[in-house]
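Student: I'd like to go over a predicted model; first the sequence, then the structure.
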Protein chains: 2
Amino acid sequence: MTIAEGHGRRPGGRSARVRAAVRAATLSELAEKGYTALTVEGVAARSGVHKTTVYRRWGGVEGLIADALEMASEEPWPIPDTGSVEDDLRALARLVVTGFTDPDEGPVSTAFIAAAMQNSAAAVALRRFFASRHDQAAPIVTRAVARGELPPGTDPVEVVRAAVAPIYYRLFVSREPVDAAVADRAAGAALAAARAGAL
Amino acid sequence: MTIAEGHGRRPGGRSARVRAAVRAATLSELAEKGYTALTVEGVAARSGVHKTTVYRRWGGVEGLIADALEMASEEPWPIPDTGSVEDDLRALARLVVTGFTDPDEGPVSTAFIAAAMQNSAAAVALRRFFASRHDQAAPIVTRAVARGELPPGTDPVEVVRAAVAPIYYRLFVSREPVDAAVADRAAGAALAAARAGAL
């Protein structure tokens, strides 16, 4: 191994720069064209990385999406901490609505869900992504239990799932519109169930 | 128009038989091979209907899936009526779990959700399918309100959405396993929220 090659594999070195360029290009292509139109050629052209390099390191479209999802998992989610579990859950549910209705963010988020329907590498990456999201959001509930707002023994991740699930159900299953009112109702129902000790 | 052609367009005539054969073949192909491997050629071969006929009448894979979904919408859902809203909602949620975990039914149900991610005709058909499901399930809640089990003014479809949404969230978003316990918890949370007047 030459010094240059060794340097290339250091974090922040050439290899990391190539990866960052390819991930950024993948996200831009997803945002502009959606999942079904994503191609290795398109990502290669946009990133300036040769397509044989993209094929060698990422394998194909599935690998590109899985890697972009891994990057997304590492990004911290701006979890609300208002001092009130009701306000926190509402803000959380509204974050989800925004994540799918925002003109820039929405197509990328949708592409991740769609990609997981098509191939198992993306499905595994999506599972990891949501496990990370659940972990990040759990303190909303543990803090509420500590403050006496929710009963001891409440399952934090189950409350988070209940607060966001109706939004995803409308988006990808029943295909109904979502807005802030939908978010507020989902959060309110999750809170009522948690207060009753059902979660 | 000849008598034979007129006959062919009657319900139960040749045209209806062709449609039934193509729909059945579409469902069998989906069950065996999944959405991504569905082809007009495969459906034509299995149904014994010439592929030019399939292309002319259904347009392509999207049309085949939309038509199969329309058939599924027309099938009555065995909505439980036990006399108890708690038992009814649990049975409903368990029906959903079974619909996706059953070895025969699961791949077809999953294919419908996946198809809607890929094209708008399937998405429209899926929206109609779930609107029909919501209408069919709503009496679980209206009967409970009439019996005094739930507060007047409870939104029937909102309770149905809440009872099933966490199952779909695990299946297609967070990619976590589902079973009867997951169904029972989702139904229990929806019921608690409805009792509290949050739905």
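Tutor: Everything's here; your move.
Student: contacts, neighbours, all on C-alpha from now
Tutor: Will do.
Student: Show me what the host helix or strand of residue A:194 is packed against.
Tutor: In the assignment (DSSP states H and E), residue A:194 maps to helix A:180-195. With contacts taken as 3 or more Cα pairs under 8 Å, 6 or more residues apart in numbering or on different chains; DSSP states H and E, helix A:180-195 sits against helix A:85-101, helix A:156-172, helix B:180-195.
Student: In a markdown table: these, plus mean neighbour count.
Tutor: Below are those laid out as a markdown table (neighbours: other Cα atoms under 10 Å in any protein chain shown):
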| stretch | mean neighbour count |
| --- | --- |
| helix A:85-101 | 21 |
| helix A:156-172 | 24 |
| helix B:180-195 | 23 |
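Student: And those: which comes nearest residue A:192?
Tutor: Proximity to residue A:192 (Cα to Cα) singles out helix B:180-195 among these, at 5.0 Å.
Student: what residues go with each domain of chain A?
Tutor: What automatic domain parsing lists as the domains of chain A is A:13-73, A:85-195.
Student: can you count the residues close to residue A:177?
Tutor: For residue A:177, the neighbour count with other Cα atoms under 10 Å in any protein chain shown is 10.
Student: wait, doesn't it sit right on residue A:170?
Tutor: Yes: using Cα atoms under 8 Å, residue A:177 is in contact with residue A:170, at 6.5 Å.
Student: re the thing from before, what's the average pLDDT for the helix holding residue A:194?
Tutor: For helix A:180-195, the mean per-residue pLDDT is 98.
Student: where does the residue nearest to residue A:155 when sequence neighbours are not counted land in three-state SS?
Tutor: Leaving aside its chain neighbours, residue A:155 sits nearest to residue A:199 (5.9 Å; criterion: Cα to Cα, 6 or more residues apart in numbering or on different chains). Under DSSP: H, G, I helix; E, B strand; the rest coil, the three-state class of residue A:199 is coil.
Student: Those residues of chain A touching chain B, which are they?
Tutor: Proximity of chain A to chain B (Cα under 8 Å from any Cα of the partner chain) is limited to residues A:36, A:113-114, A:116-118, A:123-124, A:126-127, A:129-131, A:161-162, A:165-166, A:168-169, A:172-176, A:185, A:188-194, A:196, A:198-199.
Student: before we move on, back to that, want to throw the helices and strands packed on helix A:180-195 into a markdown table with distance to residue A:26?
Tutor: What follows is the helices and strands packed on helix A:180-195, written out as a markdown table (distance: least, Cα to Cα, whole Å):
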| stretch | distance to residue A:26 |
| --- | --- |
| helix A:85-101 | 18 |
| helix A:156-172 | 22 |
| helix B:180-195 | 35 |
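Student: Could you check the angle the helix holding residue A:194 makes with helix B:156-172?
Tutor: Relative orientation of helix A:180-195 and helix B:156-172, computed by axes from the mean of the first three to the mean of the last three Cα atoms, to 10 degrees: 80 degrees.
Student: right, so of the helices and strands packed on helix A:180-195, which gets closest to residue A:72?
Tutor: Taking the helices and strands packed on helix A:180-195 one by one with Cα to Cα, helix A:85-101 is closest: 12.4 Å.
Student: Residue A:76: how many residues sit nearby?
Tutor: Neighbour number of residue A:76 under other Cα under 10 Å is 10.
Student: burial measure for the nearest residue in space to it that is not next to it in sequence, as a count.
Tutor: Closest residue to residue A:76 apart from its sequence neighbours, by Cα to Cα, 6+ apart: residue A:136 at 7.9 Å. Residue A:136 has 15 neighbours, counted by other Cα under 10 Å.
Student: Check which residues of whichever helix or strand residue A:136 is part of are buried.
Tutor: Here residue A:136, judged by DSSP H and E, is contained in helix A:120-137. Neighbour counts using 16 or more other Cα atoms under 10 Å in any protein chain shown place A:121-123, A:125-134, A:137 of helix A:120-137 among the buried residues.
Student: helices or strands up against the helix or strand just after it?
Tutor: Downstream of helix A:120-137, the next assigned helix or strand under DSSP H and E is helix A:139-146. Helices and strands touching helix A:139-146, by 3+ Cα pairs under 8 Å, 6+ apart, are helix A:85-101, helix A:156-172.
Student: Just put the ones you listed in JSON lines and tack on mean pLDDT.
Tutor: Shown next, in JSON lines, are the helices and strands packed on helix A:139-146 (pLDDT from 0 to 100):
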{"stretch": "helix A:85-101", "mean pLDDT": "97"}
{"stretch": "helix A:156-172", "mean pLDDT": "98"}
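Student: can you put these in JSON lines and add distance to residue B:85?
Tutor: Formatted as JSON lines, these follow (distance: least, Cα to Cα, whole Å):
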{"stretch": "helix A:85-101", "distance to residue B:85": "27"}
{"stretch": "helix A:156-172", "distance to residue B:85": "20"}
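Student: So which of those helices is nearest residue B:72?
Tutor: Comparing these by Cα to Cα, helix A:156-172 comes nearest, at 17.9 Å.
Student: got the angle between the closest one and helix A:120-137?
Tutor: Going by the same axes, to 10 degrees, helix A:156-172 makes 130 degrees with helix A:120-137.
Student: need the longest helix for chain A.
Tutor: As assigned by DSSP state H, the longest helix anywhere in chain A is helix A:14-33.
Student: Using PDB, list the CA coordinates for stretch A:109-124.
Tutor: Provided in PDB are the C-alpha atoms of stretch A:109-124 (Å, rounded to 0.1, in the frame of the first residue of the first chain):
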ATOM      1  CA  SER A 109     -38.200  10.200   2.500                       C
ATOM      2  CA  THR A 110     -40.700   8.600   0.200                       C
ATOM      3  CA  ALA A 111     -38.000   7.100  -1.900                       C
ATOM      4  CA  PHE A 112     -36.500   5.400   1.200                       C
ATOM      5  CA  ILE A 113     -39.900   3.800   2.000                       C
ATOM      6  CA  ALA A 114     -40.400   2.700  -1.600                       C
ATOM      7  CA  ALA A 115     -36.900   1.300  -2.000                       C
ATOM      8  CA  ALA A 116     -37.400  -0.900   1.000                       C
ATOM      9  CA  MET A 117     -40.500  -2.400  -0.700                       C
ATOM     10  CA  GLN A 118     -38.300  -3.500  -3.600                       C
ATOM     11  CA  ASN A 119     -35.100  -4.900  -2.100                       C
ATOM     12  CA  SER A 120     -33.900  -6.400   1.100                       C
ATOM     13  CA  ALA A 121     -30.700  -4.300   1.500                       C
ATOM     14  CA  ALA A 122     -32.800  -1.100   1.600                       C
ATOM     15  CA  ALA A 123     -35.300  -2.800   4.000                       C
ATOM     16  CA  VAL A 124     -32.500  -3.600   6.400                       C
END
